[in-house]
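>>> dropping the sequence and predicted coords here.
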Amino acid sequence: MEPTFLEAGSPRRRHMPSPKEGTDLLVHQGAASEHMASESMKVALKSHRRTLICTGASSTRHTSCFARAALHAPAGHPSLIIVPCTTQGTSGTRNQLPIPDPTPVAAEPRLSTFTMMIPKDASRLLLHPLDAQRQQHLAFALNRSEQQLEKLDKQGRLEMLRHQQTRRAAWAQASAAAAKDMLAVWKSVSLAVEDRLTSLQPEGYQTFAFPDSTAIYEGHWKNCHPHGRGCLRRSHPMNDVYEGQWFVGQRCGTGTYHSGECHLLYQGSWLDDKLHGKGELVEPEGMYVGEFVENTLHGYGEYVYNDGHVYRGDWVCGLYEGNGTYIYPSGTKYEGGWLRGREHGRGTKWFSNGDVYIGEWMHGMPHGHGSFTSSCSTAARVTGQWRYGSLDGQATCVFADGSCYIGEWQRGRFHGRGTYEVTCANGDLQRYTGAYANGKRHGYGEYSSSTVSYAGEWVQNRKEGEGSLRLRGGGTYHGRWKADVPDGEGVYVTTYRKGHHDEMYCEARDGTFTACVDRSTEQRVDMRLLGR
């Protein structure tokens, strides 16, 4: 049946219209004084209406006016529903009037149903920052999972570098021992030539086989020592071949070396029987082109690994150290400082998915002050303190939709005190300032928007404990909360002109209230919060 509408106005200028017979709803539209509320209640009683709905202007005084009118009405009066308005002026035309579908409580003497309707967008506005934070957390979690895989890869890479160091050191030790034995052989040959015990000439081009048949030298020599260009082949102990320049019995200058025992191929500069200067080294793991110092990769060089990894930069004793660039097969690239084979100092890392980190590093992980830009749908940019790869400390996070979090972090999540702000498409600015724990609102916090605000305790993103919820045009509820709904003792306060206010003292259980306006008469109140 069609409801009857009672337009607000002065009783002196306008008489209450006679409602149509047979309708169940009587709607009072517009602001109301206590007299107008009483008149509307009388009309509802005379016409035997079961429900009286009041929808008012932005002032909240009409709430208490109708509540008092209901209390002073005779037994069996209609159920009362009050819909607070959230915009200036009247609540709109009849076609725009939000009429809830109430379920009245059975009539009892001096009792009625009183329903507070929260604006429809309140739930979305309140939960939007949580959704944005959840998306941000998923983005960071995905990035962290990629970093974990990368971390394992880097650990394997570091172990490989150390294994290479050990293998090269073993080769250098064996090479030094073999060189020492060779010098002893050259000395004995020199004595034999002096004593004319051999047909070898002290100078010129010679072919000399070692007495134990483990090596043979063919090339130029001087004073019974290889000198100039020559080739040495040894079957023991290293099964190697060197062809190149010599100086007084030692490899010195440019030469090519191959060891089947140690799986090494080197072409480049030598000094005192050691790799020294610029050269190219081929190993089972890949190829290095760069500088050497006393058999170690030291200076500037580029190593191209067989699995597609590339390092280009400074080396110290066979490890990445100084400034360098590391490129992964996936396209991820790091450019910056290194220490003992790991990222250290200031550097920039471009991830294959488009993420970028610019800042300080320690032992292969972001540590210190840095900025991270995510390429995911939320496209967050975070600037602040990092600790061993995770945000930890004070930081600022700006999302693609313009929302922003400024506050404390721990292990990549909101933790501590912080402020979250977001501006919605309709221009409404939302803000939460308070405590976080493990990425969730936890502790005391204040939330505000143009429609609804809450100040009180939170537990795991839910309102729980002491808190106050204030609706624009709907008054303020102070009391206890549990699982996002009022639960326990509280008071509902409406304030109107000149600071006057009315209070209703309530006791709630799962969002359903038993309340009284003047502590003398009770009302049953069904409080619908956040679309519940």
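Received it, and whenever you're ready, just let me know what you need.

>>> my read is Val193 is in a helix, agree?
Yes: applying DSSP: H, G, I helix; E, B strand; the rest coil, one finds Val193 inside a helix.

>>> all helices of this protein, in order?
34-46, 61-72, 122-194 (DSSP state H).

>>> quick one: low-confidence parts of the stretch 1-150 of the chain?
Low-confidence segments of the stretch 1-150 of the chain (pLDDT under 70): 1-149.

>>> just checking, Lys274 touches His298?
No: checked against CB atoms under 8 Å, the pair Lys274 and His298 is beyond contact range at 11.4 Å. Quick note: C-beta positions are derived from backbone N, CA and C, even for glycine.

>>> show the end-to-end separation of stretch 333-352, please.
End-to-end distance for stretch 333-352: 8 Å, by CA to CA, to the nearest Å.

>>> go on, stretch 245-261?
22 Å.

>>> pull the residues that contact it.
By CB atoms under 8 Å, 6 or more residues apart in numbering, the list of residues contacting stretch 245-261 from outside reads 171, 179, 182-183, 186, 219-223, 225-230, 237-244, 264-273.

>>> please redo it, this time with the cut-off set to 7 Å
171, 179, 182-183, 186, 225-230, 238-244, 265-273 (CB atoms under 7 Å, 6 or more residues apart in numbering).

>>> list only those of the residues you listed flagged as buried.
171, 179, 182, 186, 225-227, 230, 238, 240, 242-244, 266-271, 273 (16 or more other CB atoms under 10 Å).

>>> residue contacts, His227?
His227 neighbours (CB under 7 Å, 6+ apart): 220-221, 246-248.

>>> just the ones of the residues you listed in strands?
Using DSSP state E, the subset of the contacts of His227 located in strands is 220-221, 246-247.

>>> most surrounded residue in those?
Trp246 (26 neighbours; other CB atoms under 10 Å).

>>> what pairs with it across the strands?
The partner list for Trp246 in beta bridges (DSSP bridges) reads Gly228, Arg251.

>>> I figured Asn295 hits Gly277, correct?
No: shown here, Asn295 and Gly277 do not form a contact pair, counting by CB atoms under 7 Å, at 11.6 Å.

>>> who's more crowded, these two?
Asn295 (20 against 15).

>>> relative to Glu343, which of the contacts of His227 is nearest.
Glu343 lies nearest to Phe247 out of the contacts of His227, by CB to CB, at 41.2 Å.

>>> next one: the closest one from Leu339, what distance?
For Phe247, the distance to Leu339 (CB to CB, to the nearest Å) stands at 37 Å.

>>> over to Tyr447?
45 Å.

>>> neighbour-wise, which of those two wins?
Taking neighbours as other CB under 10 Å, Tyr447 and Leu339 compare with Tyr447 leading, 23 against 17.

>>> show me the beta-bridge partners of that one.
Tyr432, Tyr454.

>>> wait, it sits on Gly456?
No: contact criterion CB under 7 Å: Tyr447 and Gly456 do not qualify, at 9.3 Å.

>>> shared neighbours of those two, anything?
With CB under 7 Å, 6+ apart, Tyr447 and Gly456 have no common neighbours.

>>> wait, what's in contact with Tyr436?
Each residue near Tyr436 by CB under 7 Å, 6+ apart is listed here: 414-416, 418, 442.

>>> which other residues reach stretch 344-359?
143, 330-338, 360-363, 366, 368-375, 386.

>>> kindly recompute the last result at 8 Å.
143, 146, 328, 330-339, 343, 360-364, 366, 368-376, 386.

>>> separate out the buried members of those residues.
143, 146, 328, 332, 334-339, 343, 360-362, 364, 366, 369-374, 376, 386.

>>> the residue nearest to Gly341 when sequence neighbours are not counted: neighbouring residues, count only.
Once flanking residues are discounted, Gly341 sits nearest to Leu319: 4.3 Å by CB to CB, 6 or more residues apart in numbering. Taking other CB under 10 Å as the criterion, the count of residues near Leu319 is 20.

>>> check contacts around Leu319.
Counted by CB under 8 Å, 6+ apart, Leu319 has contacts 161, 165, 340-341.

>>> per-residue confidence for the closest residue to Ser448 other than its chain neighbours?
Excluding its sequence neighbours, the residue lying closest to Ser448 (CB to CB, 6+ apart) is Arg431, at 5.4 Å. Listed pLDDT for Arg431 reads 87.

>>> I'd like the distance between Arg431 and Ile406.
Relative to Ile406, and taking CB to CB, Arg431 is found at 11 Å.

>>> and Gly434, by the same measure?
13 Å.

>>> distance between the ends of stretch 423-436?
Termini of stretch 423-436 sit 21 Å apart (CA to CA).

>>> what does stretch 300-311 give?
End residues of stretch 300-311 are separated by 11 Å (CA to CA).

>>> pLDDT of that stretch, averaged?
94.

>>> what's the first-to-last distance across stretch 355-372?
Termini of stretch 355-372 sit 7 Å apart (CA to CA).

>>> and Gly219, what does it touch?
Taking CB under 8 Å, 6+ apart, one finds 205-206, 226, 228-231, 246 in contact with Gly219.

>>> please redo it, this time with the cut-off set to 10 Å
205-208, 226-232, 243-246 (CB atoms under 10 Å, 6 or more residues apart in numbering).

>>> and Glu360, by the same measure?
336-337, 343-347, 366-370, 385-386.

>>> need those in TSV with pLDDT, can you?
Supplementary listing: those in TSV, determined by pLDDT from 0 to 100:
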residue	pLDDT
Gly336	97
Gly337	97
Glu343	94
His344	95
Gly345	96
Arg346	97
Gly347	97
Pro366	90
His367	92
Gly368	93
His369	94
Gly370	94
Gln385	90
Trp386	88
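
>>> now these as TSV including distance to Arg470?
Below are those laid out as TSV (distance: CB to CB, whole Å):
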residue	distance to Arg470
Gly336	51
Gly337	53
Glu343	50
His344	52
Gly345	51
Arg346	48
Gly347	49
Pro366	42
His367	43
Gly368	42
His369	39
Gly370	40
Gln385	35
Trp386	38
